[in-house]
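# Predicted structure and sequence below. I'll ask about it afterward.
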Amino acid sequence: MHVPCHATTFDHSVKQILKIMAFLRFIFLLVLLNTSITYCQENHTPHIWKGPLVITYKENNEHQCFDEDLQLHCTSWRFAVEANNLGPWKTIPKECHHHVKDYILGKGYKFDIERVSKEAGAFAASHELSADGRDIWVFDVDETLLSNLPLYYEHSFGLEHLDSRDFYKWVEKGTAPAIQASLELYQEVFKLGYRIFLLTGRNNKHRDITIENLVCAGFHHWEKLIMRNPEDRAKLATIFKSEKRNEMVEEGYRIVGNSGDQWSDLFGSSMSIRSFKLPNPIYYIP
Ligand SMILES: [Mg+2]
(Lines give C-alpha, C1' and ligand atoms only; values in the text may rest on other atoms or scores of the structure.)
Protein backbone atom coordinates (compact mmCIF):
# COMPACT_ATOMS: atom_id res chain seq x y z
CA MET A 1 0.00 0.00 0.00
CA HIS A 2 1.23 3.32 -0.89
CA VAL A 3 1.53 5.66 2.05
CA PRO A 4 1.67 9.27 1.11
CA CYS A 5 4.80 10.98 2.13
CA HIS A 6 2.85 13.80 3.92
CA ALA A 7 1.12 11.18 6.20
CA THR A 8 4.52 9.93 7.40
CA THR A 9 5.57 13.53 8.08
CA PHE A 10 2.31 14.14 9.99
CA ASP A 11 2.91 11.09 12.24
CA HIS A 12 6.45 12.24 12.88
CA SER A 13 5.27 15.73 13.81
CA VAL A 14 2.66 14.40 16.23
CA LYS A 15 5.32 12.30 17.99
CA GLN A 16 7.57 15.34 18.28
CA ILE A 17 4.78 17.44 19.80
CA LEU A 18 3.95 14.70 22.31
CA LYS A 19 7.62 14.49 23.32
CA ILE A 20 7.82 18.25 23.85
CA MET A 21 4.60 18.23 25.90
CA ALA A 22 5.93 15.41 28.08
CA PHE A 23 9.16 17.36 28.65
CA LEU A 24 7.22 20.52 29.55
CA ARG A 25 5.04 18.55 31.99
CA PHE A 26 8.17 17.20 33.64
CA ILE A 27 9.61 20.72 34.02
CA PHE A 28 6.27 21.97 35.41
CA LEU A 29 6.21 19.19 38.03
CA LEU A 30 9.79 20.01 39.06
CA VAL A 31 8.93 23.70 39.54
CA LEU A 32 5.79 22.79 41.50
CA LEU A 33 7.74 20.43 43.79
CA ASN A 34 10.43 23.03 44.51
CA THR A 35 7.83 25.70 45.28
CA SER A 36 6.09 23.40 47.76
CA ILE A 37 9.33 22.63 49.64
CA THR A 38 10.27 26.33 49.87
CA TYR A 39 6.81 27.24 51.11
CA CYS A 40 6.95 24.58 53.83
CA GLN A 41 10.40 25.67 54.98
CA GLU A 42 9.42 29.33 55.08
CA ASN A 43 6.26 28.64 57.05
CA HIS A 44 7.92 26.20 59.49
CA THR A 45 4.99 23.76 59.16
CA PRO A 46 5.22 21.77 62.44
CA HIS A 47 5.14 18.34 60.82
CA ILE A 48 8.10 19.29 58.59
CA TRP A 49 10.13 21.44 61.10
CA LYS A 50 11.77 18.71 63.14
CA GLY A 51 14.66 20.65 64.73
CA PRO A 52 14.57 22.45 68.12
CA LEU A 53 13.41 26.06 68.10
CA VAL A 54 16.75 27.79 68.50
CA ILE A 55 17.55 31.26 67.27
CA THR A 56 20.38 31.25 64.74
CA TYR A 57 22.51 34.07 63.41
CA LYS A 58 23.93 34.56 59.99
CA GLU A 59 27.54 33.52 59.71
CA ASN A 60 29.87 36.05 58.17
CA ASN A 61 33.59 35.52 58.09
CA GLU A 62 34.46 38.85 56.58
CA HIS A 63 37.08 41.04 58.28
CA GLN A 64 34.50 43.63 59.30
CA CYS A 65 32.58 40.96 61.19
CA PHE A 66 35.72 39.87 63.01
CA ASP A 67 36.32 43.47 64.16
CA GLU A 68 32.73 43.75 65.30
CA ASP A 69 32.96 40.49 67.24
CA LEU A 70 36.18 41.61 68.91
CA GLN A 71 34.59 44.92 69.83
CA LEU A 72 31.57 43.13 71.31
CA HIS A 73 33.81 40.67 73.14
CA CYS A 74 35.76 43.52 74.78
CA THR A 75 32.64 45.53 75.57
CA SER A 76 31.21 42.42 77.18
CA TRP A 77 34.40 41.93 79.20
CA ARG A 78 34.31 45.56 80.38
CA PHE A 79 30.65 45.21 81.34
CA ALA A 80 31.54 42.13 83.41
CA VAL A 81 34.28 44.17 85.14
CA GLU A 82 31.92 46.98 86.06
CA ALA A 83 29.14 44.62 87.14
CA ASN A 84 31.65 42.78 89.38
CA ASN A 85 30.95 39.49 87.63
CA LEU A 86 34.58 38.60 86.94
CA GLY A 87 36.83 36.74 89.30
CA PRO A 88 40.05 38.45 90.40
CA TRP A 89 42.09 39.58 87.38
CA LYS A 90 45.59 41.02 87.06
CA THR A 91 45.76 42.47 83.57
CA ILE A 92 43.30 43.31 80.84
CA PRO A 93 42.86 40.72 78.02
CA LYS A 94 45.61 41.22 75.44
CA GLU A 95 43.14 41.43 72.56
CA CYS A 96 41.23 44.24 74.34
CA HIS A 97 44.17 46.60 74.72
CA HIS A 98 43.02 48.93 71.92
CA HIS A 99 39.42 48.75 73.09
CA VAL A 100 40.33 49.82 76.64
CA LYS A 101 42.66 52.53 75.37
CA ASP A 102 39.97 53.93 73.02
CA TYR A 103 37.39 53.83 75.81
CA ILE A 104 39.63 55.62 78.31
CA LEU A 105 40.93 58.28 75.91
CA GLY A 106 37.64 58.70 74.06
CA LYS A 107 34.35 60.12 75.28
CA GLY A 108 33.02 56.87 76.78
CA TYR A 109 35.01 56.98 80.02
CA LYS A 110 34.35 60.70 80.48
CA PHE A 111 30.60 60.30 79.89
CA ASP A 112 30.40 57.32 82.26
CA ILE A 113 32.14 59.25 85.05
CA GLU A 114 29.94 62.29 84.46
CA ARG A 115 26.85 60.11 84.75
CA VAL A 116 28.04 58.64 88.06
CA SER A 117 28.73 62.12 89.46
CA LYS A 118 25.41 63.47 88.24
CA GLU A 119 23.46 60.63 89.86
CA ALA A 120 25.48 60.89 93.07
CA GLY A 121 24.90 64.65 93.20
CA ALA A 122 21.15 64.20 92.69
CA PHE A 123 21.02 61.66 95.50
CA ALA A 124 23.15 63.84 97.82
CA ALA A 125 20.79 66.78 97.23
CA SER A 126 17.66 64.66 97.76
CA HIS A 127 18.81 63.20 101.06
CA GLU A 128 17.63 65.10 104.12
CA LEU A 129 20.63 65.93 106.27
CA SER A 130 20.41 65.70 110.04
CA ALA A 131 21.01 68.80 112.11
CA ASP A 132 23.81 67.18 114.13
CA GLY A 133 26.33 67.37 111.29
CA ARG A 134 27.12 63.64 111.41
CA ASP A 135 26.17 62.82 107.80
CA ILE A 136 29.24 61.99 105.79
CA TRP A 137 30.33 61.18 102.25
CA VAL A 138 33.30 58.86 101.71
CA PHE A 139 35.56 59.24 98.70
CA ASP A 140 38.29 56.93 97.50
CA VAL A 141 41.30 58.77 96.02
CA ASP A 142 42.92 57.00 93.03
CA GLU A 143 40.77 56.87 89.90
CA THR A 144 37.99 58.45 91.95
CA LEU A 145 39.25 61.94 92.80
CA LEU A 146 42.72 61.83 91.25
CA SER A 147 43.51 60.30 87.89
CA ASN A 148 46.65 58.23 87.36
CA LEU A 149 46.12 58.00 83.63
CA PRO A 150 49.51 59.56 82.78
CA LEU A 151 51.08 56.57 84.57
CA TYR A 152 48.82 53.97 82.96
CA TYR A 153 49.38 55.56 79.57
CA GLU A 154 53.04 54.56 80.01
CA HIS A 155 52.01 51.04 81.07
CA SER A 156 49.66 50.12 78.22
CA PHE A 157 46.39 50.83 80.07
CA GLY A 158 46.42 47.73 82.22
CA LEU A 159 48.09 45.34 79.77
CA GLU A 160 51.17 45.31 82.00
CA HIS A 161 50.89 44.56 85.68
CA LEU A 162 52.07 47.56 87.66
CA ASP A 163 53.95 46.89 90.88
CA SER A 164 53.73 49.11 93.95
CA ARG A 165 57.25 50.57 93.46
CA ASP A 166 56.29 51.98 90.05
CA PHE A 167 53.04 53.25 91.47
CA TYR A 168 54.63 55.08 94.44
CA LYS A 169 57.37 56.50 92.23
CA TRP A 170 54.53 58.17 90.32
CA VAL A 171 52.67 59.14 93.53
CA GLU A 172 55.78 60.94 94.79
CA LYS A 173 55.64 63.29 91.81
CA GLY A 174 52.36 64.64 93.23
CA THR A 175 51.09 65.57 89.78
CA ALA A 176 48.00 63.39 89.40
CA PRO A 177 45.23 65.58 87.91
CA ALA A 178 41.71 65.83 89.28
CA ILE A 179 38.87 63.96 87.63
CA GLN A 180 36.75 66.97 86.72
CA ALA A 181 33.30 65.43 87.29
CA SER A 182 34.43 64.07 90.67
CA LEU A 183 35.79 67.47 91.68
CA GLU A 184 32.41 69.01 90.89
CA LEU A 185 30.61 66.31 92.93
CA TYR A 186 33.06 66.83 95.80
CA GLN A 187 32.38 70.56 95.87
CA GLU A 188 28.63 70.03 95.59
CA VAL A 189 28.57 67.51 98.43
CA PHE A 190 30.63 69.85 100.61
CA LYS A 191 28.32 72.78 99.91
CA LEU A 192 25.29 70.66 100.80
CA GLY A 193 26.77 70.20 104.27
CA TYR A 194 28.21 66.69 104.25
CA ARG A 195 31.45 66.02 106.05
CA ILE A 196 33.96 64.46 103.72
CA PHE A 197 36.13 61.46 104.56
CA LEU A 198 38.88 60.36 102.22
CA LEU A 199 39.60 56.65 102.51
CA THR A 200 42.48 55.41 100.39
CA GLY A 201 44.60 52.28 100.15
CA ARG A 202 47.68 54.46 99.69
CA ASN A 203 50.48 53.90 102.16
CA ASN A 204 50.60 56.48 104.97
CA LYS A 205 54.30 57.06 104.19
CA HIS A 206 53.06 59.06 101.21
CA ARG A 207 50.67 61.23 103.22
CA ASP A 208 52.40 64.59 102.67
CA ILE A 209 52.65 64.29 98.90
CA THR A 210 49.09 62.95 98.72
CA ILE A 211 47.79 66.00 100.61
CA GLU A 212 49.84 68.32 98.41
CA ASN A 213 48.54 66.64 95.27
CA LEU A 214 44.91 66.73 96.44
CA VAL A 215 45.09 70.41 97.35
CA CYS A 216 46.79 71.33 94.07
CA ALA A 217 44.09 69.44 92.17
CA GLY A 218 41.36 71.45 93.94
CA PHE A 219 40.24 69.16 96.79
CA HIS A 220 39.98 70.95 100.15
CA HIS A 221 37.99 70.80 103.38
CA TRP A 222 38.05 67.09 104.19
CA GLU A 223 37.32 65.91 107.70
CA LYS A 224 39.79 63.01 107.65
CA LEU A 225 42.27 61.45 105.26
CA ILE A 226 42.60 57.77 106.17
CA MET A 227 45.54 55.83 104.74
CA ARG A 228 47.10 52.40 105.30
CA ASN A 229 49.39 52.07 108.27
CA PRO A 230 51.99 49.25 108.53
CA GLU A 231 49.49 46.98 110.31
CA ASP A 232 47.03 47.38 107.40
CA ARG A 233 49.44 46.51 104.61
CA ALA A 234 48.56 42.82 104.26
CA LYS A 235 44.81 43.38 104.43
CA LEU A 236 42.58 43.13 101.41
CA ALA A 237 41.12 46.51 100.51
CA THR A 238 37.62 45.23 101.31
CA ILE A 239 38.72 44.37 104.87
CA PHE A 240 40.78 47.51 105.41
CA LYS A 241 38.05 49.84 104.17
CA SER A 242 35.31 48.00 106.04
CA GLU A 243 37.26 48.33 109.29
CA LYS A 244 37.72 52.06 108.73
CA ARG A 245 34.02 52.55 107.94
CA ASN A 246 33.15 50.57 111.08
CA GLU A 247 35.22 53.10 113.06
CA MET A 248 33.36 55.99 111.44
CA VAL A 249 30.01 54.47 112.44
CA GLU A 250 31.30 53.75 115.97
CA GLU A 251 32.28 57.43 116.21
CA GLY A 252 28.65 58.33 115.49
CA TYR A 253 28.83 59.22 111.80
CA ARG A 254 26.20 58.16 109.27
CA ILE A 255 27.70 57.15 105.93
CA VAL A 256 25.23 58.49 103.41
CA GLY A 257 27.28 58.21 100.22
CA ASN A 258 30.43 56.42 99.10
CA SER A 259 32.25 56.94 95.79
CA GLY A 260 34.93 54.59 94.52
CA ASP A 261 36.28 53.00 91.35
CA GLN A 262 36.64 49.51 92.91
CA TRP A 263 33.95 47.32 94.41
CA SER A 264 36.33 46.83 97.32
CA ASP A 265 35.84 50.56 98.06
CA LEU A 266 32.12 50.01 98.46
CA PHE A 267 31.40 46.47 99.67
CA GLY A 268 31.83 44.99 103.14
CA SER A 269 30.53 46.21 106.47
CA SER A 270 29.17 49.63 107.42
CA MET A 271 28.19 50.29 103.83
CA SER A 272 26.79 53.64 102.79
CA ILE A 273 23.12 54.24 102.09
CA ARG A 274 24.07 54.66 98.43
CA SER A 275 27.31 53.56 96.77
CA PHE A 276 28.53 55.03 93.49
CA LYS A 277 30.89 52.96 91.35
CA LEU A 278 33.11 54.84 88.93
CA PRO A 279 34.34 52.92 85.89
CA ASN A 280 37.80 51.37 85.91
CA PRO A 281 38.69 48.76 83.28
CA ILE A 282 42.46 49.15 83.86
CA TYR A 283 43.08 47.39 87.17
CA TYR A 284 41.37 45.38 89.87
CA ILE A 285 41.90 45.64 93.64
CA PRO A 286 40.33 42.89 95.80
MG1 LIG B 1 40.64 53.87 93.59
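Looks like it came in fine.
# From the ion, how far off is the nearest residue to Ser270 once chain neighbours are set aside?
Excluding its sequence neighbours, the residue lying closest to Ser270 (C-beta to C-beta, 6 or more residues apart in numbering) is Arg245, at 3.7 Å. (Glycine included, C-beta is placed from N, CA and C.) Distance of Arg245 to the ion, computed by C-beta to the ion, to the nearest Å: 15 Å.
# which residues touch Arg245?
Val138, Leu199, Ile255, Gly268, Ser269, Ser270, Met271 (C-beta atoms under 8 Å, 6 or more residues apart in numbering).
# Could you report the separation of it from Gln187?
Note on Arg245: its distance to Gln187, by C-beta to C-beta, to the nearest Å, is 23 Å.
# ok, now Glu251?
25 Å.
# Kindly report the same for Ala83.
29 Å.
# Looking at these two, which is more packed in?
Gln187 (15 against 10; other C-beta atoms under 10 Å).
# so where does Ser275 fall, helix or strand?
strand 274-277 (DSSP states H and E).
# In its sheet, which strands sit next to that strand, and in what direction?
strand 254-260 (parallel) (DSSP bridges).
# Now do the strand it pairs with: everything it contacts.
Contacts of strand 254-260 (C-beta under 8 Å, 6+ apart): 116, 120, 123-124, 127, 130, 134-140, 144, 182, 185, 189, 194, 245, 248-249, 265-266, 270-278.
# go with 7 Å
Contacting residues not belonging to strand 254-260 are listed as 120, 123-124, 127, 134-140, 144, 194, 245, 248-249, 265-266, 270, 272-278 [C-beta atoms under 7 Å, 6 or more residues apart in numbering].
# Any chance of a ChimeraX selection covering the buried ones in the residues you listed?
Buried members of these, defined by 16 or more other C-beta atoms under 10 Å, are picked up in ChimeraX with:
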select :120,124,127,135,136,137,138,139,140,144,194,245,248,265,266,270,272,274,275,276,277,278
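# Among the contacts of strand 254-260, which ones are in helices?
With helices taken from DSSP state H, the overlap with the contacts of strand 254-260 comprises Ala120, Phe123, Ala124, Arg245, Met248, Val249, Asp265, Leu266.
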